[in-house]
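Student: Predicted coordinates and the sequence they were generated for:
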Amino acid sequence: MKLSLPFMLAITLVVIATSAQAQEVFDIYSDLQSCDVTVKGDAAGCLLKVDLSSTKDGLIQTRTLSLDGPGTWIVAWDVSGAKEGSYGACAKLIREGVVISERCTDFYYGGRVNIRFDVRDAHADYRGMTLLVYSEDLAVVDIYYTLVKGDKAVYISKRESVPIAGSYGSPSDLSLEWKQLLENGQEYKGRVKIVEKKNGQTRAFMNSFVARDDAEITDTYQDETGASATVMGRSRVPFEGSLKFDLYQNGALLASVEEKTPILLAGDDETVEISWNGTLDPGIYQLTIQLIGNDGDVIDIEESIIEAEIPPRPLTVETPAEGESGRSKMVIAAAVLLLAAVMIVVVRRRRG
């Protein structure tokens, strides 16, 4: 069967249309600090062009990103001296110079706004996102926690229908710990977006941070035979450091022992124990315990005193000589016989 040219062209147009629909700017949100754009479909090789503009001044800034596939992409704006007024952000998905999808959003900056909730603190670091929110009247929100590497979101956690109450002095703690392992020395961004369910009021906060290993010494013990230290991880960068125990007396270093710690993440704790070469002689010693990080830097230190005492002498019990033991037994036997005789005499007199 031979296909007609119009039929083949129709099939080609359907294929092109389907391909275009498969690559889509699905969602966009922006304020004057940042913008998030969600792209669906096979967007590898596409460009994402995001424009920020205002009704007064027109185009303000443009960001162009090269995409490696679908996902959520974060654009940071740098707007100084922003004026009150209406603004807009538009995201265009471009393949081979042709715009295949576009989505825009408008927002207003400045003026008096009836805020349903307020944010006391929002800050990201290598542990997670700290978020303290309060509302005088009960509000219900959706919260999007986003970890960003480069320009792409590598982790998004959504909490739906979260009730918010409290006050400035006692806000709701809605902090979140990252689930991903972070790379030591790598720069990331943390972003949180809060959407009020009733009227869609939205607020977003973002900051950059450098991931680094972190831990702390939480407990120590030391005596004449050795020492120990408990270490707790404080980062999503795996801690692979060590503990160094330095023993001094009168300023002179007597012993130095370094032991690797188990690998620790935020909230994990382990105890490392070491022993001296024998029991310390009586005297006063100084102990310095250093926690050394992945890069060899000292990130925590603990100092203490060891007061080694003279060990008490064991108690001794004198054992009587064999002759003395025999005489003692004879004296006891005689006493028992004498007591028995006296009792017999007393009993007879009473009967008589």
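Tutor: Okay, I see it. This is a predicted model, so every value here is computed, not measured. Residues are numbered from 1 along each chain as shown.
Student: Name the next helix or strand downstream of the helix or strand bottoming out on mean pLDDT in the chain, please.
Tutor: The weakest-scoring helix or strand in the chain, judged by mean pLDDT, DSSP states H and E, is helix 5-22 (a mean of 47). Next helix or strand after helix 5-22 toward the C-terminus (DSSP states H and E): strand 24-30.
Student: Report the buried residues of stretch 121-133.
Tutor: Across stretch 121-133, burial judged by 16 or more other Cβ atoms under 10 Å covers 122, 124-133. No exception for glycine: its C-beta is placed from N, CA and C like everyone else's.
Student: got it, and stretch 178-187?
Tutor: Neighbour counts over stretch 178-187 (16+ other Cβ under 10 Å) mark 178, 182, 184 as buried.
Student: TSV for the residues you listed, including secondary structure?
Tutor: Output for these, formatted as TSV (DSSP: H, G, I helix; E, B strand; the rest coil):
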residue	secondary structure
178	coil
182	coil
184	coil
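Student: could you redo these as TSV and give each row pLDDT and distance to residue 154?
Tutor: Shown next, in TSV, are the buried residues of stretch 178-187 (pLDDT from 0 to 100; distance: Cβ to Cβ, whole Å):
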residue	pLDDT	distance to residue 154
178	97	10
182	98	10
184	96	16
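Student: and which of these is nearest residue 231?
Tutor: Distance to residue 231, by Cβ to Cβ, is smallest for residue 184 among the buried residues of stretch 178-187, at 17.0 Å.
Student: So the closest one versus residue 302, what's the distance?
Tutor: For residue 184, the distance to residue 302 equals 24 Å [Cβ to Cβ, to the nearest Å].
Student: Ok, residue 139 next?
Tutor: The gap separating residue 139 from residue 302 is 45 Å, by Cβ to Cβ.
Student: now residue 44
Tutor: With the distance defined as Cβ to Cβ, residue 44 ends up 52 Å from residue 302.
Student: what's the helix or strand for residue 120?
Tutor: Applying DSSP H and E, one finds residue 120 within strand 118-124.
Student: From the contact counts, what lies against the helix or strand that comes right after that strand?
Tutor: The helix or strand immediately downstream of strand 118-124 is strand 128-134, counting by DSSP H and E. When contacts are defined as 3 or more Cβ pairs under 8 Å, 6 or more residues apart in numbering; DSSP states H and E, strand 128-134 sits against strand 118-124, strand 139-149, strand 172-173, strand 176-177, strand 187-196.
Student: which of the residues in the second one are buried?
Tutor: In other words, strand 139-149. In strand 139-149, counting by 16+ other Cβ under 10 Å, buried: 139, 141, 143-149.
Student: would a markdown table of those residues with pLDDT and distance to residue 192 be doable?
Tutor: Shown next, in a markdown table, are the buried residues of strand 139-149 (pLDDT from 0 to 100; distance: Cβ to Cβ, whole Å):
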| residue | pLDDT | distance to residue 192 |
| --- | --- | --- |
| 139 | 91 | 16 |
| 141 | 95 | 11 |
| 143 | 97 | 7 |
| 144 | 98 | 7 |
| 145 | 98 | 5 |
| 146 | 98 | 7 |
| 147 | 98 | 10 |
| 148 | 98 | 11 |
| 149 | 97 | 16 |
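Student: Among these, which one sits closest to residue 165?
Tutor: Nearest to residue 165 among these is residue 139, at 7.9 Å by Cβ to Cβ.
Student: what pairs with that closest one across the strands?
Tutor: On the basis of DSSP bridges, residue 139 is bridged to residue 164.
Student: For residue 192, which residues are in contact?
Tutor: 122, 124, 129, 131, 143-146, 204-206 (Cβ atoms under 8 Å, 6 or more residues apart in numbering).
Student: Now flag whichever of the residues you listed is closest to residue 90.
Tutor: Closest to residue 90 out of the contacts of residue 192 is residue 204 (17.7 Å), distances taken as Cβ to Cβ.
Student: Pull the contacting residues for the closest residue to the closest one other than its chain neighbours.
Tutor: Closest residue in space to residue 204, ignoring its immediate chain neighbours: residue 193 at 4.3 Å, by Cβ to Cβ, 6 or more residues apart in numbering. Neighbouring residues of residue 193 by Cβ under 8 Å, 6+ apart: 29, 36, 143-144, 146, 202-204.
Student: Repeat that for residue 225.
Tutor: Residue 225 touches 275-276, 279-280, counting by Cβ under 8 Å, 6+ apart.
Student: Could you pull up the contacting residues of the residue positioned nearest the centre of the chain?
Tutor: The chain has residue 127 as the residue nearest its centroid, 3.2 Å off, counting by Cα atoms, centre = their mean. Residue 127 makes contact with 177-178, 234-236, 266, according to Cβ under 8 Å, 6+ apart.
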